[in-house]
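>>> Structure for this input, please:
(2 chains)
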2 protein chains.
Amino acid sequence: MDRTEADVVVVGAGLAGLAAARELVRAGREVIVLEARDRVGGRTLNHDIGDGKVVEVGGQWIGPTQDRLAELARELRVGTYSTYDEGENVIEFRRTLKRYRGAIPRINLAVLLDVGQAQARLDRMARQVPLEAPWEAPKAAEWDSQTLWSWMQRNVATSGARELLTIATEAVWAVEPADVSLLHFLFYTHSAGKFDNLVGTSGGAQQDRFEGGSQLLSIRLAEQLGERVRLSTPVRSIGHGDGGVEALAGELRVRARRAVVAIPPTLTSRIAYEPALPGHRDQLTQRIPQGTVIKCMALYERPFWRERGLTGQATSTRGPVKVTFDNSPPDGSPGVLLGFLEGRAARQLGLATPADRRAAVVDCFTRYFGAEAARPVDYVERAWAEEEWTRGCYGCYMPTGVWTSYGHALRAPVGPIHWAGAETATVWSGYMDGAVQSGLRAAAEVLEALS
Amino acid sequence: MDRTEADVVVVGAGLAGLAAARELVRAGREVIVLEARDRVGGRTLNHDIGDGKVVEVGGQWIGPTQDRLAELARELRVGTYSTYDEGENVIEFRRTLKRYRGAIPRINLAVLLDVGQAQARLDRMARQVPLEAPWEAPKAAEWDSQTLWSWMQRNVATSGARELLTIATEAVWAVEPADVSLLHFLFYTHSAGKFDNLVGTSGGAQQDRFEGGSQLLSIRLAEQLGERVRLSTPVRSIGHGDGGVEALAGELRVRARRAVVAIPPTLTSRIAYEPALPGHRDQLTQRIPQGTVIKCMALYERPFWRERGLTGQATSTRGPVKVTFDNSPPDGSPGVLLGFLEGRAARQLGLATPADRRAAVVDCFTRYFGAEAARPVDYVERAWAEEEWTRGCYGCYMPTGVWTSYGHALRAPVGPIHWAGAETATVWSGYMDGAVQSGLRAAAEVLEALS
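Numbering: from 1, shown residues only, chains lettered A, B, ... in the order given. Presented below is the predicted three-dimensional model:
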């Protein structure tokens, strides 16, 4: 048994855990970070495509108001550049393909107006959800008792508008409107500011990208932390009490005064706690699943769609890839089309063979951008539900009834154990920016407790 | 390291695991049962109240059509007796207390008719849900996209009827109508036959009790299995492949050709699998939480309510104890009042001090049955969310979207790993009868695979 001691043991070397660790080290504390994987970065992951270039198979974008993430990138000297957004977008609406410029596709006006009124109402409702305590919204009980699907049935008149809002839900939460509590939809929207922030490219959450790939943030943080970060060290149990904590990971035993557990909430109960955690905390973790997304990229010699005046952004009601982006490196070589399989599409095609899945994805690219898309030179994908140490992306979602009954347990420390991770954020919940916020918040809790 | 081998390793010595083990032993297979607790019986648990008598702090009843459980009890020579059901029931409807005889309380006729029409409609819909595949119901997508709360808002006109249906939902599922998918409510109802079967005493699921307490079934099964059952042996990991399985529990390593994992689905992912399980199976387990119930009993020298012509059964819209029973031993001594804290009441009072909780429960008994209830000679309770190896009762429930997207993974074996437990049953899902069915079904799967 390899024994060691620290002031704080951090479980998980994603952005949240690393941001917490750095803050604690800056405050003069001894920290050990235990990471299950053989790499840092959690849900951010660079994939080498040769010539020193990468594409990201996990989270990748940064947008306006994501100030904590921007500040971290500046400090770590990781630059950003704009997501390619020049030209016309494509919409496939009920088997008809159209090109359009800007945010609003040229489809049936009644549908567009219906989407607009729904979005305005949802934004208004979202502003009434307190970010620190969504269960205190004036209509929390009513909103948490119904799914987004039920709300749309009553408040969105056209089936076309319901289809478009469904695509947005899949794109942002990687779930279906049937899965998610209306209150959670509203919390998450408010947490990002407003609906347009979530779905927008220029001006929204998909506006900019990181030079060298988003995982570089975690890699640089880990470099600063040096030997404090232990890879391939999954924590299996945490003893805790007045005397502090003791984390066990294989042959390693770490004693510390406090723990920061910075992994998705649903995974926190896969660690054995001694003594066992309170029922309300455990039951929360039974009710806070991760979404389902497979991120798929096809590589081409050049971004041929740009030559045709296309952004590479498509939206389709047909799918299975319903949302795409141009994900080429800064110099546009190779050309990379990015397509997401989200929610039901990810669940269904997650059961298919890799060859069938690739064919389905490339078929979508071909429909949206032309025959040249049919023969990519390479294809890269990542199914996050298969990843043992994440088990779904982008983040968690709350089914009905969870925020109002269990929300109070999301961040509340259990004795010397603190909780971090993008899901515990109040701003940009579920995003890299939220991960950083959560790490800083957990570090502040710990420093307060140790002072 | 203590190494051993068997044909089949069973994880969990509740009714499901033990029923599976017995069936496998009968078929000539070598079996080892690994149980985390220091006792068998899972969610059934006898509590000694002296004089050789017990009350059950877990599952306890058997009713008509629970044929698998009845057969097992006969084989194990565990007798049954009727739940005390003589006299008048009490209903507290909006702060007015009334006595009534039979199934139908004497309250507002419009409310009664409204409950009746809702129940008839729900029963009709339930019959359309295939028990082996609820996702194939003609309206599965629509029913799985909304909560029971949403359905009641549109289909139950009176708030009184909604309140009564809410009590029934809390009593049967230990959740709120806001928590549960309408499709799950319908599946579960069909699985029990019809709604009245779930909520009824005489003629329903609460009709009879077991002499010596329901845990006696598991104790007798374990006696038959002898040294095959290892207590205090929590399985922490299961390796699996073409060669079979290898279960690790502390210093014990069991190699076997097949495994039957017979614990609540949400807990199955707290075991580490090598290789990791497929994403769809893992994501199912993130979406299938246990309900919340605290079973509370007050003991009195004699069942004084019987002298006043009362059954001991009360229903209250006010609560926090909304449903009660006479839970005295067969000879009526001592008198035992049983009250359930369910769903929201269990979540809220689960956070209270034991003294405050007891006071709240006894206050309910006093309102329903008179001042004599105020001074019990003893008080017994069990909060199942706190139990590390169950983490909620009575069983699991499905939030919206789960049956239609993940239901296929509920029973599907993963290589040599089979799944049992009351939640995987098609008849009397969530009940002891369902647990037995699931054990027999898993045993049949294993025998088929080994033949």
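>>> Can you give me the buried ones in stretch A:235-254?
Neighbour-count burial for stretch A:235-254, counted by 16 or more other Cβ atoms under 10 Å in any protein chain shown, picks out A:235-236, A:238-240, A:244-249, A:252-254. Glycine gets a C-beta too; all of them are placed from N, C-alpha and C.
>>> Looking at those, which two lie furthest apart in space?
The two members of the buried residues of stretch A:235-254 with the most space between them (Cβ to Cβ) are A:236 and A:244, at 18.0 Å.
>>> residue contacts, the residue in the stretch 351-451 of chain A positioned nearest to chain B?
Ranked by Cβ to the nearest Cβ, the top residue of the stretch 351-451 of chain A for proximity to chain B is residue A:385, at 3.0 Å. Residue A:385 makes contacts with A:290, A:292, A:346, A:350, A:391-393, B:279-280, B:282-283, as judged by Cβ atoms under 8 Å, 6 or more residues apart in numbering or on different chains.
>>> go with 6 Å
Applying Cβ atoms under 6 Å, 6 or more residues apart in numbering or on different chains, one finds that residue A:385 lies in contact with A:292, A:392, B:279, B:283.
>>> Tell me which residue is most central in chain A.
Within chain A, one residue has its C-alpha closest to the average C-alpha position: by Cα atoms, centre = their mean, that is residue A:394, at 3.2 Å.
>>> From chain B, how far off is residue A:50?
Distance from residue A:50 to chain B, counting by Cβ to the nearest Cβ, to the nearest Å: 29 Å.
>>> List the beta-bridge partners for that residue.
Here residue A:50 sits in beta bridges with residue A:53, as judged by DSSP bridges.
>>> where does it land on pLDDT?
Turning to residue A:50, the model gives it a pLDDT of 95.
>>> That one: neighbouring residues, count only.
Around residue A:50 sit 9 other residues, with neighbours defined as other Cβ atoms under 10 Å in any protein chain shown.
>>> Got the phi and psi for the residue of the stretch 351-451 of chain A closest to chain B?
phi -70, psi -20 (degrees, to the nearest 10).
>>> Let me see the contact set for the residue lying closest to it once chain neighbours are set aside.
Leaving out its chain neighbours, the residue that sits closest to residue A:385 by Cβ to Cβ, 6 or more residues apart in numbering or on different chains is residue B:279, at 3.0 Å. If a contact means Cβ under 6 Å, 6+ apart, then residue B:279 has A:350, A:385-386 as its contacts.
>>> How about residue A:161?
Residue A:161 neighbours (Cβ under 6 Å, 6+ apart): A:111, A:114-115.
>>> Of the residues you listed, which qualify as buried by neighbour count?
The neighbour-count test (16+ other Cβ under 10 Å) marks A:111, A:114-115 as buried among the contacts of residue A:161.
>>> So which bits of the stretch 151-300 of chain A are right by chain B?
The interface of the stretch 151-300 of chain A toward chain B, taken as Cβ under 6 Å from any Cβ of the partner chain, is made up of A:176, A:178-179, A:266, A:270, A:276, A:279, A:282-283, A:286-287, A:289.
>>> List the buried residues of the host helix or strand of residue A:172.
Assigning secondary structure by DSSP states H and E places residue A:172 in helix A:159-173. Neighbour counts over helix A:159-173 (16+ other Cβ under 10 Å) mark A:160-173 as buried.
>>> Tell me the helix or strand right after it.
Toward the C-terminal end, the helix or strand that comes next after helix A:159-173 (DSSP H and E) is helix A:182-191.
>>> Only C-alpha atoms, please: export stretch A:191-205 in CSV.
As requested, the backbone C-alpha atoms of stretch A:191-205 are provided in CSV (Å, rounded to 0.1, in the frame of the first residue of the first chain):
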residue,chain,number,x,y,z
SER,A,191,-27.8,29.7,-16.7
ALA,A,192,-26.5,30.5,-20.2
GLY,A,193,-28.3,33.9,-20.3
LYS,A,194,-30.9,33.2,-22.9
PHE,A,195,-31.9,30.6,-25.5
ASP,A,196,-30.1,32.2,-28.4
ASN,A,197,-26.8,32.0,-26.5
LEU,A,198,-27.1,28.3,-26.3
VAL,A,199,-27.8,27.7,-30.0
GLY,A,200,-25.9,30.5,-31.7
THR,A,201,-22.6,30.3,-33.5
SER,A,202,-21.3,33.9,-33.9
GLY,A,203,-22.6,35.6,-30.8
GLY,A,204,-23.4,32.3,-29.1
ALA,A,205,-21.9,29.3,-27.3
